[in-house]
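Trainee: Show me how the following folds:
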Amino acid sequence: MSKQFLELGINKSIQRRLSELDINVPTNIQKKAIPILLNQKEDFVGLAKTGTGKTAAFGLPLLQLVDTDNPEIQAVIVAPTRELGQQIYSNLISFASFLPDISIVSICGGTPIKPQIERLTKATHIVIATPGRLIDLINRNAISIKNAGYLVLDEADEMVTSLKDGLDKIVKELPKKRKTILFTATMPGAIKQLIQNYMSKHVIQVESEMETVGHQGIDHQYVVVEPIEKLDVLKYFLTSNEGKRGIIFCKTKAAVNKLAKNLAIHKFSSGALHGSLSQPIRDRIMGQFREGHIQILVATDLAARGIDVKEIEYVVHYHLPDVYETYVHRSGRTARAGAKGLSLTIIQKEEEYEIGDFEHELDISFRKYNKANPQSIEENNTLLWAKKVFKTKPNREISSDFKEKVHTVFHHLTKEELIDKILANYIEQH
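Mentor: Next comes the predicted model:
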């Protein structure tokens, strides 16, 4: 059993579970945050990139600080999306395996509220919530957080919009003497304002592995395309990376739906993820992606929060993001847990000047991706057409008489001759 977590102040019950999970060496943010959260009363801001172990950095101290003799809610963890909320909940439940008296509840949106209201009538120590659902429960007087000593805002930079009107409501329900813990991957002005408005003047701030997104094993590349060839260039890239798992980011839900439909038509193993999909559908698609049943996820920025899949080998920015922080979050989906990853941005000629701005602002370097020549693109499209034909299911509604007539036209051809003629016919038409 590793002593490293013990040296940070984590008790033996939690440490024993960490050893079972093969978590023996604390990450940098865990080394910096855990002793402070366990031993100091001041508010805390942790600035760390996605995938650096932030959940354990605040989750392990909270589990240890819970008073199991007190049945009231003692800690409120707020996350931007249900997916991230569920991930935090699963991690805390796992960490608490040897702490049977601790009660943890997830009250995120996208699922029926009545079972959550019923569950909150029982003893609860830690709640994980999305902002909207938490406020809804407060308005219904279905939850009491008046004695919660800890408020955790995770991925706060992704929550600024949803928290804008609601944080006043949440904070009003909390005791004045509470400890606020905020974790964020970036520090835009809105987060600085939030810290100033809702946290104490003596806040402790730590940074970890924040040098740049360029030092995380991510290969940043870009390719310049004409609008008419954008989809074909993407399809060529996906064919070249067949068998690898990746995420393609679009700006809007409509763009996600359109691109996902195009990929499905060409028989790519893909699924769409955005906020307008029902929660059961989002859960099903995420499950298929995590388990490897689909290789490609086409997603909006917010819908992709909470995706903690280590084997994502590439990220494609099908649309250049509007803000630098979004590029950081998108690219951070790949090259996790020490792995390498590719971040490819597909742009048009008039956007090329923006690459320099991203390099300067984020202190990273882009390489130009070698776009395939027109012949290779056309050959790839033909190959995709062939695969589409191969995967086409026979039409059972065609009459046997008519099928026989068509068969008679081709019956004297060998398989090779038939393929040659069908291929020539396809190329002639395209």
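
Trainee: Need the residues that contact stretch 400-417.
Mentor: Contacts of stretch 400-417 with the rest of the structure, by CB atoms under 8 Å, 6 or more residues apart in numbering, involve 418, 421. For every residue, glycine as well, the C-beta is placed using N, CA and C.

Trainee: and that stretch, how far from the chain's centre?
Mentor: From the chain centre to the centre of stretch 400-417 is a distance of 50 Å (CA atoms, centre = their mean, to the nearest Å).

Trainee: Going by contacts, tell me the helices and strands next to the host helix or strand of residue 87.
Mentor: Residue 87 belongs to helix 82-95 when assigned by DSSP states H and E. Under the contact criterion of 3 or more CB pairs under 8 Å, 6 or more residues apart in numbering; DSSP states H and E, helix 82-95 touches helix 12-20, helix 54-65, strand 104-107, strand 126-129, helix 279-290.

Trainee: For residue 272, find the nearest of these.
Mentor: Distance to residue 272, taken as CB to CB, is lowest for helix 279-290 among these, at 7.1 Å.

Trainee: how much distance is there from the next helix or strand after the closest one to the middle of the chain?
Mentor: Scanning forward in sequence from helix 279-290, with DSSP H and E defining helices and strands, the next element found is strand 296-299. Mean C-alpha position of strand 296-299 versus that of the full chain (CA atoms, centre = their mean) differs by 10 Å.

Trainee: now what about strand 296-299, what contacts it?
Mentor: Where contact means CB under 8 Å, 6+ apart, the residues beyond strand 296-299 that reach it are 238, 245-250, 256, 259-260, 263, 268-274, 285, 289, 304, 307.

Trainee: Next, residue 122: secondary structure please.
Mentor: Following DSSP: H, G, I helix; E, B strand; the rest coil, the label given to residue 122 is coil.

Trainee: Pull the number of nearby residues for the nearest residue to it once chain neighbours are set aside.
Mentor: When the adjacent residues along the chain are set aside, residue 122 lies closest to residue 103, with 7.3 Å between them (CB to CB, 6 or more residues apart in numbering). Counted with other CB atoms under 10 Å, the neighbours of residue 103 add up to 17.

Trainee: which residues sit against stretch 155-170?
Mentor: Stretch 155-170 is contacted by residues 50, 76, 78-81, 84, 130-132, 134-135, 138, 145, 151, 153, 182-188, 190-191, 194, 198, 302, 305, 325, 329 when judged by CB under 8 Å, 6+ apart.

Trainee: Can you get me a residue count around residue 95?
Mentor: With neighbours defined by other CB under 10 Å, the count for residue 95 comes to 25.

Trainee: OK, contacts around it?
Mentor: For residue 95, the contacting residues are 14, 17-18, 56, 59-60, 63, taking CB under 8 Å, 6+ apart as the criterion.

Trainee: how far away is it from residue 101?
Mentor: Note on residue 95: its distance to residue 101, by CB to CB, to the nearest Å, is 14 Å.

Trainee: Can you list the low-confidence ranges for the protein?
Mentor: Along the chain, segments meeting pLDDT under 70 span 1-2, 50-51, 161-162, 164-165, 209-216, 303-308, 337-338.

Trainee: longest helix anywhere in it?
Mentor: Counting residues, the longest helix in the chain under DSSP state H turns out to be helix 374-391.

Trainee: Could I get the CA-only coordinates of it as CSV?
Mentor: What follows is helix 374-391 as a C-alpha-only set of coordinates in CSV (Å, rounded to 0.1, in the frame of the first residue of the first chain):
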residue,chain,number,x,y,z
PRO,A,374,-8.1,15.3,-55.2
GLN,A,375,-7.4,11.8,-56.6
SER,A,376,-6.9,10.4,-53.1
ILE,A,377,-10.1,12.1,-51.9
GLU,A,378,-12.0,10.7,-54.8
GLU,A,379,-10.6,7.2,-54.2
ASN,A,380,-11.6,7.5,-50.6
ASN,A,381,-15.2,8.5,-51.5
THR,A,382,-15.3,5.5,-53.9
LEU,A,383,-14.1,3.2,-51.2
LEU,A,384,-16.8,4.6,-48.8
TRP,A,385,-19.4,4.0,-51.5
ALA,A,386,-18.2,0.4,-51.9
LYS,A,387,-18.5,-0.1,-48.1
LYS,A,388,-22.0,1.4,-48.2
VAL,A,389,-23.0,-1.0,-50.9
PHE,A,390,-21.6,-3.9,-48.9
LYS,A,391,-23.5,-3.0,-45.8
